[in-house]
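> here you go, sequence then predicted model.
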Amino acid sequence: MSPDNFLSIYIHIPFCIRKCRYCDFYSIPFDVSLVYRYIEALGKEWEMYESNPLIKEKTVYTIYIGGGTPSILDIQMWKKLDEALFSKINMSDVKEWSLECNPESFSIEKGEMYADTGVTRLTFGVQSLNRRELSICGRAHSADRALETLNDSGLDGLFNSIGVDLIYSLPGQTPETLDNTLSKVFSVPIIKHLSAYELTIAQDTTFGRHSKRLPVPSEELSVQMYELIGKRCNRRGMRQYEISNYAMPGYESLHNKAYWSHKPYIGLGASAHSYIHPKRWSNAADAESYISKIFDGRSAVNFEETLGPLEIAAEMIFLGLRSEGGINEKEFAAHTGIEFYADGREKMLDEYSSSGFLEKRDGIWIPSPKGMLFADMMARGLIPRKKNHTA
Ligand code: SF4
């Protein structure tokens with residue numbers, strides 16, 4: 001079966017105990033009656049997609065439940081989700097089913113239920129194990145609670161993979177406090193995957209509104225932190241396979257790799273994004289409006305675009321420079337119809353490879369860990385531009 005026949009599904013659960021100060025994801029307060037209607041709507045939205053000929057022919061390959069805080073759902077709600085949605089999806093070829101959990105709402109009882117349903121991979125939103133950094137971020141859990149959760153022996157053997165998400169370059173953070181967090185995370189033997197994202201301050205967040213007063217680390221310190229994460233992961237036998245993702249061999253996220261290699265995916269729920277070549281679309285970031293549209297039998301999509309060759313080229317370059325998958329020159333030409341070495345790209349590629357940012361292997365341009373850090377800069381030099389035609 002061709003991988004192009006595979007489909008990934010993302011399911012957005014937007015509910016959270018409270019809003020973290022840096023968060024610009026679509027998330028809303030936990031509200032029991034809204035949760036049940038939302039779950040029903042997810043099932044109905046999938047039924048609408050299922051009858052679409054573009055989807056019908058595809059085989060579900062990966063599932064990812066993110067948020068928000070999916071682990072906030074109690075056992076009854078999860079059962080309802082199973083009945084309303086999971087039971088309608090053909091799971092026979094699913095290779096990976098990931099679920100985001102937060103320490104404050106996770107329990108081993110829930111973990112056992114997730115495993116029974118078919119979830120294969122948990123990823124815990126820990127962000128930091130430093131008391132002060134967690135409090136500045138407004139996280140709902142303590143460092144102790146997060147460590148207790150990860151160390152619970154009840155997790156042993158329940159899932160194929162358990163991972164942790166961290167944020168670095170937090171206000172007040174230093175390489176020493178980050179190193180301490182990494183030591184604690186790596187003291188947990190079952191951790192197979194680490195996602196470490198550099199903090200970005202979005203305007204419409206509490207951090208964004210107080211950005212001038214935030215003691216964020218300098219760019220130099222931030223680079224030191226990125227390098228520290230790489231070193232610590234290397235020592236633990238975890239390989240960097242994307243700018244923010246590290247895994248023990250064989251534990252890379254298939255779902256993320258499908259995104260980065262332009263495989264088709266459907267997003268269910270408010271604010272969820274979808275892509276089936278050459279179209280990309282997303283649902284409105286509003287749970288009430290999402291529910292009412294779906295219950296009326298209408299689509300919840302409020303944005304749609306068709307990608308042309310230039311947009312596809314830009315995405316292939318942008319994503320390829322951030323991941324070990326790199327940019328495959330033959331695939332680039334086949335997908336975009338644009339000659340890979342044209343428009344001065346050959347000269348730029350020579351320059352980047354002599355700086356140690358890129359390496360060519362079997363027709364694929366692969367970024368080094370240092371190169372991934374300069375992905376944006378390299379992308380600016382490689383992305384084809386629209387030609388200006390003057391009469
Ligand atoms: S738990 Fe996650 S989704 Fe919810 S507010 Fe915090 S960062 Fe945002």
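Looks like it came in fine.
> got a list of what whatever residue of the stretch 201-350 of the chain ends up closest to the ligand touches?
As assessed by C-beta to the nearest ligand atom, the ligand sits closest to Thr205 within the stretch 201-350 of the chain, at 9.2 Å. Bear in mind the C-beta positions are built from the backbone N, C-alpha and C, glycine included. Shown in contact with Thr205 (C-beta atoms under 8 Å, 6 or more residues apart in numbering): 21-24.
> kindly recompute the last result at 6 Å.
With contact taken as C-beta atoms under 6 Å, 6 or more residues apart in numbering, Thr205 is in contact with 22, 24.
> for the most centrally placed residue in the chain, helix, strand, or coil?
With distances taken as C-alpha atoms, centre = their mean, the residue of the chain nearest its centroid is Asn256 (6.3 Å). The three-state label given to Asn256 by DSSP: H, G, I helix; E, B strand; the rest coil is helix.
> which residues touch it?
Asn256 touches nothing, counting by C-beta under 6 Å, 6+ apart.
> ok, Phe124 next?
Contacts of Phe124 (C-beta under 6 Å, 6+ apart): 101, 164.
> apply 7 Å and report the result again.
By C-beta atoms under 7 Å, 6 or more residues apart in numbering, the contact set of Phe124 is 101, 103, 149-150, 164-165.
> got it, and Lys88?
Lys88 neighbours (C-beta under 7 Å, 6+ apart): 43, 46-47.
> so after the helix or strand of the chain with the lowest mean pLDDT, what's the next helix or strand?
Across the helices and strands of the chain, the lowest-confidence element by mean pLDDT, DSSP states H and E is helix 53-56, at a mean of 88. With elements assigned by DSSP states H and E, the helix or strand that comes after helix 53-56 is strand 59-67.
> show me which residues of that next one are buried.
60-67 (16 or more other C-beta atoms under 10 Å).
> and these as a markdown table, adding pLDDT and distance to Thr200?
Formatted as a markdown table, these follow (pLDDT from 0 to 100; distance: C-beta to C-beta, whole Å):
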| residue | pLDDT | distance to Thr200 |
| --- | --- | --- |
| Val60 | 97 | 31 |
| Tyr61 | 96 | 29 |
| Thr62 | 98 | 26 |
| Ile63 | 98 | 27 |
| Tyr64 | 98 | 21 |
| Ile65 | 98 | 23 |
| Gly66 | 98 | 17 |
| Gly67 | 96 | 18 |
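> pull up the residues of the chain that are close to the ligand.
Within reach of the ligand by C-beta under 6 Å from any ligand atom, the chain has these residues: 16, 19-20, 23, 25, 27, 67-69, 102, 125.
> identify the farthest-apart pair in the contacts of Phe124.
Within those, Thr149 and Asp165 form the most distant pair, 13.2 Å apart (C-beta to C-beta).
> neighbour count for those two, which is higher?
A direct count of neighbours by other C-beta atoms under 10 Å for Thr149 and Asp165 places Thr149 higher, at 24 against 18.
> residue contacts, the more buried one?
So, once contact is read as C-beta under 7 Å, 6+ apart, Thr149 ends up touching 103, 106, 124.
> let's go with 6 Å and repeat that
Residues in contact with Thr149 (C-beta under 6 Å, 6+ apart) are 103, 106.
> for the one 10 residues further on, same thing?
Shown here is Phe159, whose contacts under the criterion C-beta under 6 Å, 6+ apart are 120-122.
> now swap in Ala115 and tell me
Leu158.
> strand 59-67 and the helix or strand encompassing it, what's the angle between them?
Following DSSP H and E, one finds Ala115 within helix 108-117. When axes from the mean of the first three to the mean of the last three C-alpha atoms, to 10 degrees is applied, the directions of helix 108-117 and strand 59-67 differ by 160 degrees.
> put the alpha carbons of helix 108-117 into CSV.
Coordinates of each C-alpha in helix 108-117 appear next as CSV, following Å, rounded to 0.1, in the frame of the first residue of the first chain:
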residue,chain,number,x,y,z
ILE,A,108,-3.2,5.4,36.4
GLU,A,109,-6.8,4.4,36.2
LYS,A,110,-7.2,6.7,33.2
GLY,A,111,-3.9,5.3,31.8
GLU,A,112,-5.2,1.8,31.9
MET,A,113,-8.4,2.8,30.2
TYR,A,114,-6.4,4.6,27.4
ALA,A,115,-4.3,1.5,26.8
ASP,A,116,-7.5,-0.7,26.7
THR,A,117,-8.9,1.6,24.0
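> what mean pLDDT does it get?
Averaging pLDDT along helix 108-117 gives 98.
> pLDDT weak spots in the stretch 101-250 of the chain?
Scanning the stretch 101-250 of the chain for pLDDT under 70 picks out nothing.
> how close does the residue nearest to the centre of the chain sit to Trp365?
20 Å (C-beta to C-beta, to the nearest Å).
> tell me, how many neighbours does Ala287 end up with?
Using other C-beta under 10 Å, Ala287 has 24 other residues around it.
> next one, pLDDT for the nearest residue to it once chain neighbours are set aside please.
Nearest in space to Ala287, with sequence neighbours left out and distances taken as C-beta to C-beta, 6 or more residues apart in numbering, is Ala270 at 4.7 Å. According to the prediction, Ala270 has pLDDT 98.
> show me what contacts Ala270?
The neighbourhood of Ala270, defined by C-beta under 6 Å, 6+ apart, consists of 14, 26, 283, 285-287, 290.
> Ser222: which of those is nearest?
Tyr26 (26.6 Å).
> before we move on, what SS does the nearest residue to the closest one once chain neighbours are set aside have?
Closest residue to Tyr26 apart from its sequence neighbours, by C-beta to C-beta, 6+ apart: Ser271 at 3.6 Å. Under the three-state scheme (three-state DSSP), Ser271 adopts coil.
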